[in-house]
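Chemist: here's a sequence, model it:
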Amino acid sequence: MDSNITNITVDLATSNNFGIVKAVQGDMNTRFVHITLLDNQVEYDFTDVYPVLRGTKPDGTTIFNECAVSAGNRIIVELTEQILAEPGMSTYEIALYATPLT
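Modeler: So this is what the prediction gives:
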C-alpha cells in the first residue's frame with residue numbers, strides 16, 4: 001500500500017504553529033507527517049537534538065514516540081498503529097530533547 005505523507009512547515013517565530021493531519025483508524029505503516037521546522041525562517045539545526053511526538057490519544061493513553069530526522073532536515077513522524085487505534089481527534093506536539101532517549 002502507498003504511503004500517505006502530510007507536509008507541515010512550522011516557524012518557531014510565529015504563533016500559529018499547528019497543522020491538521022487526517023488519518024484513518026486502523027491504518028498501519030501508511031501515514032507519515034514530514035515537518036519542516038524553522039527558526040525565524042531559517043531551517044532548524046537538529047545537531048544534538050532529538051524530536052519526540054507526545055500527546056494523548058482519545059482514550060486517554062499517552063503517546064511519547066521518538067521521531068527520525070531525514071537527510072533533508074525534516075522531522076519524520078510515523079502515525080503508528082497505536083496512535084491510530086482509537087477513533088476521534090487528538091492533539092500532539094513535537095518536543096525537542098537535548099539528550100538521546102535510549
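Chemist: so where is the protein shaky, pLDDT-wise?
Modeler: Counting by pLDDT under 70, the ranges of the chain that qualify are 1, 100-102.
Chemist: go again using 90 as the cut-off
Modeler: 1-3, 15-20, 22-30, 47-49, 71-72, 98-102 (pLDDT under 90).
Chemist: that one: helices as residue ranges?
Modeler: Using DSSP state H, the chain contains no helices.
Chemist: report the central residue of it.
Modeler: Val77 (4.0 Å; Cα atoms, centre = their mean).
Chemist: residue contacts, that residue?
Modeler: Residues near Val77 by Cβ atoms under 8 Å, 6 or more residues apart in numbering: 32-35, 53, 65, 67, 94. (C-beta placed from N, C-alpha, C; glycine too.)
Chemist: narrow those residues to those that are buried.
Modeler: Using 16 or more other Cβ atoms under 10 Å as the burial test, these include 33, 35, 53, 65, 67, 94 as buried.
Chemist: now do the contacts for the last one.
Modeler: Yep, that's Ile94 we're talking about. Contacts of Ile94 by Cβ under 8 Å, 6+ apart are 10, 35, 37, 51-53, 67, 75, 77.
Chemist: swap in 7 Å and give it another go.
Modeler: Shown in contact with Ile94 (Cβ atoms under 7 Å, 6 or more residues apart in numbering): 35, 51, 53, 75.
Chemist: so what's it bridging to?
Modeler: Leu53 (DSSP bridges).
Chemist: and if you look at the first one?
Modeler: Taking DSSP bridges as the rule, Val33 bridges to Thr6, Val77.
Chemist: just the fourth one next, same as before
Modeler: Each beta-bridge partner of Asn65 is listed here: Leu53, as defined by DSSP bridges.
Chemist: that one against Leu53, yeah?
Modeler: Yes - using Cβ atoms under 7 Å, Asn65 is in contact with Leu53, at 4.7 Å.
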